[in-house]
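> how would this look folded up:
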Amino acid sequence: MEGQQMLTALEWLQVAGLGAVFGVIGQAIRVVPGLKKMNEEAQAVGVAARRMFSGSRLGISLAIGALAGVLAAWGLGIDPNAGIRSELILGLLGAGYAGADFVEGFIKSKLPSSESAVQAANAKAAAKPPVIEPNAVG
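As a prediction, the model looks like this:
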């Protein structure tokens, strides 16, 4: 298992916790301008901003930031027993900021793609000419 990082379960949880915290902070940085824009839009249409605010949407956004941070921390191979460089922290913040885009990119890069199977099925379907029943044409 040379080249792979070997951590205890507790160390993996520490890395996940670090990633989650900085992922949430990154996503919160992204939320602030959105809240400002929402407030301006509410004022423009004469509605109270609290009527446009969705707490559940905010919660989901922060949870996605946390997940992105965790995936980034694991992907970057952070060692909880070593010093953590500021570049890694900025990377976790960036992953949290990017949120759903980061999660989608991480999944595409780490999991095997099924695109080749889909492409093969599409090619097979394209190779066969469609069969038209004589009674089907009106």
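
> can you point me to the longest helix in the protein?
Determined from DSSP state H, the single longest helix within the chain is helix 9-45.

> who touches Ile84 in this structure?
18, 78 (Cβ atoms under 8 Å, 6 or more residues apart in numbering). For every residue, glycine as well, the C-beta is placed using N, CA and C.

> The helix or strand that the longest helix of the chain is followed by packs against which elements?
Counting by DSSP states H and E, the element after helix 9-45 in chain order, helix or strand, is helix 49-52. Counting contacts by 3 or more Cβ pairs under 8 Å, 6 or more residues apart in numbering; DSSP states H and E, helix 49-52 packs against helix 9-45.

> Report all helices and strands that the helix it packs on contacts.
Secondary-structure packing of helix 9-45 (3+ Cβ pairs under 8 Å, 6+ apart): helix 49-52, helix 55-76, helix 86-98.

> Which pLDDT value goes with Val131?
Turning to Val131, the model gives it a pLDDT of 52.

> Ala82 now?
86.

> and if you look at Ile60?
90.

> what number of residues lie near it?
Applying other Cβ atoms under 10 Å, we find 13 residues neighbouring Ile60.

> Kindly provide the distance from it to Leu88.
Going from Ile60 to Leu88 by Cβ to Cβ, to the nearest Å gives 26 Å.

> pLDDT of the longest helix of the chain, averaged?
93.

> Distance from the chain centre to it, please.
12 Å (Cα atoms, centre = their mean, to the nearest Å).

> Name the residues of that helix that are buried.
Neighbour-count burial for helix 9-45 flags 14-16, 18-28, 31, 42 (criterion: 16 or more other Cβ atoms under 10 Å).
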